[in-house]
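Asks: The following comprises the amino acid sequence and a computationally predicted model.
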Amino acid sequence: MRETRADTRQALLQALALHVLLFAAMFAGLRWTRDHAAAPAAGEVIEADLVDPSALSAPMQRALQREPEQPAEPPPPAEPEPPLPAPLPEPVADAPLPPPVPDPAPVEQPAVQRDAPSPDVAKVPREQDARRKPPPQADLDAQRQAAAERERQRKLAEVSRQLAQARRERTQAEMRAQQLEDARTQQPVDMSRAAPPPGNRGPDQSLLAQYKAALQQAIARRWTRPESVPLGQPCKVAIRQLPGGDVVSAVAEPSCPYDELGRRSVETAVLKASPLPYAGFEDVFARTITFNFQAEDR
């Protein structure tokens, strides 16, 4: 026969009940033994010596054989006198009873529904709904504008930092003042509309086009287009450089349509692209040029 879980549970309960009964019987026996223990006699310890009566003297033997005298009976107790009767209470004049207090008029209590919600409890869902309710559109627009302005300021600060770092790197080039004397007096070459000088048929137009393409590619590799600058929009940048392509300075002209962030990003890209392409373009090289940079992604 297979033992089930109910049989196991019943056996455990019976064993537990048996242990409880044994514990109760043991506790009762210990208590009964403690309550019925013989109390020790109070007083001093009595000592006695065993003596052979034949070894006593004749007067002692006669005293032992004499019967003990019976104690005199105590006189009977006197009968108590009967108690005197208690005096009757003096008659007290009847005091007037206070007038009865009328019961207060019953006041009708408003009917209370047992399941009606409490005002405090009903207020909680309304507050939760108010928290879940989205803020007005004007607040959302203000938050978006503030976030966009913070992002713009962050990018502007980053570009300013990069520009300052690039300018510090060009400090050594500024020290070559002697080499820049002729660059200050020389008219800048507008590479967006460069015309060949008279005589000798002018510079090679294909080489000039290649030089402008090389400058565009070198600067675009170092430039990260801001979101405010649309693709394909040009910006004229005045670049001063040394032979070899080392950039001395780069300044966006006032006619550049970029915003402040876009202008600084182009200037930083020109400084980072230093040295600009030079080898192979010596015939079309100029110390001061106005380059028409085109906005494009890398």
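Replies: Sure, I can see it. Numbering: from 1, shown residues only.
Asks: How about K236: which residues does it bridge to?
Replies: Note on K236: beta-bridge partners N292, judged by DSSP bridges.
Asks: measure P230 to P257 for me?
Replies: Noted for P230: a distance of 9 Å to P257, by Cβ to Cβ, to the nearest Å. All C-beta spots, glycine's among them, are computed from the backbone N, C-alpha and C.
Asks: Revised request: answer the last question for L242.
Replies: L242 sits at a distance of 29 Å from P257 (criterion: Cβ to Cβ).
Asks: which one of those two has more residues nearby?
Replies: For the pair L242 and P257, the greater number of neighbours falls to L242 (18 against 13), based on other Cβ atoms under 10 Å.
Asks: Quick check: that one touching R287?
Replies: Yes. In this structure, L242 sits in contact with R287. The criterion is Cβ atoms under 8 Å, and the distance is 7.0 Å.
Asks: any idea of the pLDDT on L84?
Replies: Among the per-residue scores, L84 shows a pLDDT of 66.
Asks: quick one: low-confidence parts of the stretch 51-200 of the chain?
Replies: Low-confidence segments of the stretch 51-200 of the chain, defined by pLDDT under 70, are located at 51, 53, 67-72, 74-75, 78-135, 171-200.
Asks: Recalculate using a threshold of 80.
Replies: Within the stretch 51-200 of the chain, the ranges that satisfy pLDDT under 80 run 51-138, 167-200.
Asks: Show residues contacting stretch 144-161.
Replies: P226, E260, L261, R264, S265, T268 (Cβ atoms under 8 Å, 6 or more residues apart in numbering).
Asks: how about Y211, what does it touch?
Replies: By Cβ under 8 Å, 6+ apart, the contact list for Y211 reads M191, P277, F281, V284, F285.
Asks: In those, find the pair that's most separated.
Replies: Taking Cβ to Cβ as the measure, the contacts of Y211 span a maximum distance of 12.5 Å, between M191 and P277.
Asks: Need the residues touching each of those two.
Replies: What both M191 and P277 touch, as defined by Cβ under 8 Å, 6+ apart, is the set Y211, L215.
Asks: what about R240, is that helix, strand or coil?
Replies: When the structure is split into helix, strand and coil by DSSP: H, G, I helix; E, B strand; the rest coil, R240 lands in strand.
Asks: that older thread, and which of the contacts of Y211 is nearest to R31?
Replies: Proximity of the contacts of Y211 to R31 was ranked by Cβ to Cβ; the top entry is P277 with 112.8 Å.
Asks: any idea how far N292 is from I219?
Replies: Computed as Cβ to Cβ, the N292 to I219 distance reads 11 Å.
Asks: and those two? which has more neighbours close in?
Replies: Neighbour comparison, N292 and I219: the larger count goes to I219, with 23 against 17 (by other Cβ under 10 Å).
Asks: residues in contact with that one?
Replies: Contact criterion Cβ under 8 Å, 6+ apart gives V266, A269, V270, A273, L276, F291, F293 as the residues in contact with I219.
Asks: Remind me which helix or strand it belongs to.
Replies: Using DSSP states H and E, the secondary-structure element containing I219 is helix 205-221.
Asks: any idea of the mean pLDDT for that helix?
Replies: Computed over helix 205-221, the mean pLDDT rounds to 92.
Asks: Could I have the CA atoms of that helix written out in CSV?
Replies: Extracted in CSV, the C-alpha atoms of helix 205-221 (Å, rounded to 0.1, in the frame of the first residue of the first chain):
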residue,chain,number,x,y,z
GLN,A,205,44.5,77.4,-65.5
SER,A,206,44.4,73.6,-65.1
LEU,A,207,47.1,73.8,-62.4
LEU,A,208,45.2,76.6,-60.7
ALA,A,209,42.0,74.5,-60.7
GLN,A,210,43.9,71.6,-59.3
TYR,A,211,45.3,73.8,-56.6
LYS,A,212,41.9,75.1,-55.5
ALA,A,213,40.5,71.5,-55.5
ALA,A,214,43.5,70.4,-53.3
LEU,A,215,42.8,73.3,-50.9
GLN,A,216,39.1,72.4,-50.8
GLN,A,217,39.8,68.8,-50.1
ALA,A,218,42.5,69.5,-47.4
ILE,A,219,40.3,72.0,-45.5
ALA,A,220,37.1,69.8,-45.8
ARG,A,221,38.9,66.8,-44.3
